[in-house]
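Student: Model the following, please.
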Amino acid sequence: MHLRLLPLMLALCAGAAQADLLKDPQWQAWLDAGKTAELVRAAQARAKALPDDDQAAVALALAAVDDNDAARLEASLPALQACADKRPQAICSYALGRVYGQQAMTASVFKMPGLASKTKDYFVKAVEQDPLLFEARSALAQFYLIAPGFAGGSAAKARALAAEARQPEQARLVRFLVAAQDKDWSGAERELAGVKAGEDRTLQRELRNGWMRLGAELVEQKSFAKARAVFEAVQRDHPQHAAGPYGLARVALETQQPDEALRLLERCRTLEGADRYPLDHRVGQALLAKGDKAGARAALERFVQNRRAGPRNLEDAKKLLASLA
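Tutor: Below you'll find the predicted structure:
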């Protein structure tokens, strides 16, 4: 695998695993929902009043990662580094890994390997500082699974992270990542089915994201009935979240039901986490399937301006726009 894919995939996967890194429940809710404007305003106000506040530093860094804002990413580093050097704690090491991973996405071929190395080193440090911080363990496991060997990748090290996890549910979720990377989808499903998240919001979110990843793979395999069952279960377990309806909209699109897809996508916009899904890309696909070229073009043009647009969705959206030109 080309090394340039490493930080890109790492940023995408780690972004999905965010949990209660922020002590203020409102801040965490904004982070989870992708409402970064509100989070940035609050964190900037606290940082102005308390320049050494580590929670503000972490919040501003993770918001910059979420928004893929190069200037803000760079600006977040001094406060995070001060935290890591003077008041060492896992959340600051983890946030540094996230920032360096995001920067590596757009770095030159000369700078990118060094940034990828820093990404790994800070995730390793975060796991050492707090073995129970699942975000760090998950991110480091994904690094090991995605990186080529010369860059530090190692499936054996990822498996070791699962074996060393102190909580059985965390171990299962890391083993899911290993199985998914190996394309052992039956094994991946077994690991997910064994997770008992209870009231742990970290595990709930990670489990939901795991089922969404499995459902997406079933869509790719054209196993639409199985995919629909997975997404319906996600919708049942997380009725206020956009994940389930988004997955069902994908199935509707693939089974030539554009009207149903549009209904589900509009419902997504009213639910938690909607900003994290490529809704306008899917709306564009659905409208194009209905023959509404003007509407499809408008939706796709909105999507390509979205800084959170994932590379695969962005590539497809640009191709569709080119076909409409």
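
Student: Could you look up the SS state of Arg166?
Tutor: coil (DSSP: H, G, I helix; E, B strand; the rest coil).

Student: And for it, nearest residue in space, chain neighbours not counted?
Tutor: Closest residue to Arg166 apart from its sequence neighbours, by C-beta to C-beta, 6 or more residues apart in numbering: Pro131 at 5.9 Å. In this view, the C-beta of every residue, glycine as well, is placed from N, C-alpha and C.

Student: before we move on, what about Leu288?
Tutor: Nearest one to Leu288, counting by C-beta to C-beta, 6+ apart, is Ala296 at 4.0 Å.

Student: In which helix or strand does the one you found reside?
Tutor: Using DSSP states H and E, Ala296 sits in helix 293-304.

Student: Repeat that for Ser117.
Tutor: Going by DSSP H and E, Ser117 is part of helix 112-129.

Student: cool, Leu262 as well?
Tutor: Here Leu262 is assigned to helix 258-268, by DSSP H and E.

Student: thinking Gln102 is in contact with Leu73, fair?
Tutor: Yes - with contacts counted by C-beta atoms under 8 Å, Gln102 reaches Leu73, the gap being 5.9 Å.

Student: Now the common contact residues for the two.
Tutor: By the contact definition C-beta atoms under 8 Å, 6 or more residues apart in numbering, Gln102 and Leu73 are jointly contacted by Ala64, Val65.

Student: ok, back up a step: give the buried residues for the helix holding Ser117.
Tutor: Applying a neighbour-count criterion of 16 or more other C-beta atoms under 10 Å, the buried positions in helix 112-129 are 112-113, 115-116, 118-120, 122-127, 129.

Student: Closest one to Ala82 out of these, please.
Tutor: Tyr122 (14.3 Å; C-beta to C-beta).

Student: mind checking how far that closest one is from Arg137?
Tutor: 13 Å (C-beta to C-beta, to the nearest Å).

Student: before we move on, the earlier item: between Gln102 and Leu73, point out the one with more neighbours.
Tutor: Neighbours per residue (other C-beta atoms under 10 Å) separate Gln102 from Leu73, with Gln102 holding more: 28 against 20.

Student: Which residue ranges make up the domains of the protein?
Tutor: Using automatic domain parsing, the domain parsing of the chain gives 1-137, 197-277, 279-325.

Student: could those domains go into JSON lines alongside mean pLDDT and distance to Glu189?
Tutor: As requested, the domains of the chain are arranged in JSON lines below (pLDDT from 0 to 100; distance: least, C-beta to C-beta, whole Å):
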{"stretch": "domain 1-137", "mean pLDDT": "86", "distance to Glu189": "18"}
{"stretch": "domain 197-277", "mean pLDDT": "96", "distance to Glu189": "6"}
{"stretch": "domain 279-325", "mean pLDDT": "95", "distance to Glu189": "23"}
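
Student: can you redo those as CSV with distance to Ser154?
Tutor: Shown next, in CSV, are the domains of the chain (distance: least, C-beta to C-beta, whole Å):
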stretch, distance to Ser154
domain 1-137, 11
domain 197-277, 21
domain 279-325, 25
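
Student: Near Leu320, how many other residues are there?
Tutor: 19.

Student: give the contact list for it.
Tutor: So Leu320 contacts Gly284, Gln285, Leu288, Ala296, Leu300 (C-beta under 8 Å, 6+ apart).

Student: Determine the three-state secondary structure at it.
Tutor: helix.

Student: Quick check: the gap between it and Pro278.
Tutor: For Leu320 relative to Pro278 (C-beta to C-beta), the value is 12 Å.

Student: Surely Arg282 touches Leu265?
Tutor: Yes - judged on C-beta under 8 Å, Arg282 makes contact with Leu265 at a distance of 5.6 Å.

Student: who touches both of those two?
Tutor: Tyr246, Ala249.

Student: Wait, Glu169 touches Lys196, no?
Tutor: Yes - using C-beta under 8 Å, Glu169 is in contact with Lys196, at 6.3 Å.

Student: who has more neighbours, the two?
Tutor: Higher neighbour count among Glu169 and Lys196: Glu169, with 19 against 10, using other C-beta under 10 Å.

Student: dump the residue contacts of that one.
Tutor: Val195, Lys196, Ala197, Asp200, Leu203 are the contacts of Glu169 under C-beta under 8 Å, 6+ apart.

Student: Helix, strand or coil: sort out the second one for me.
Tutor: Three-state assignment for Lys196 (three-state DSSP): coil.

Student: how many other residues sit next to Gln240?
Tutor: Counted with other C-beta under 10 Å, the neighbours of Gln240 add up to 9.

Student: Can you tell me how far it is from Glu266?
Tutor: From Gln240 to Glu266 the distance is 16 Å (C-beta to C-beta).
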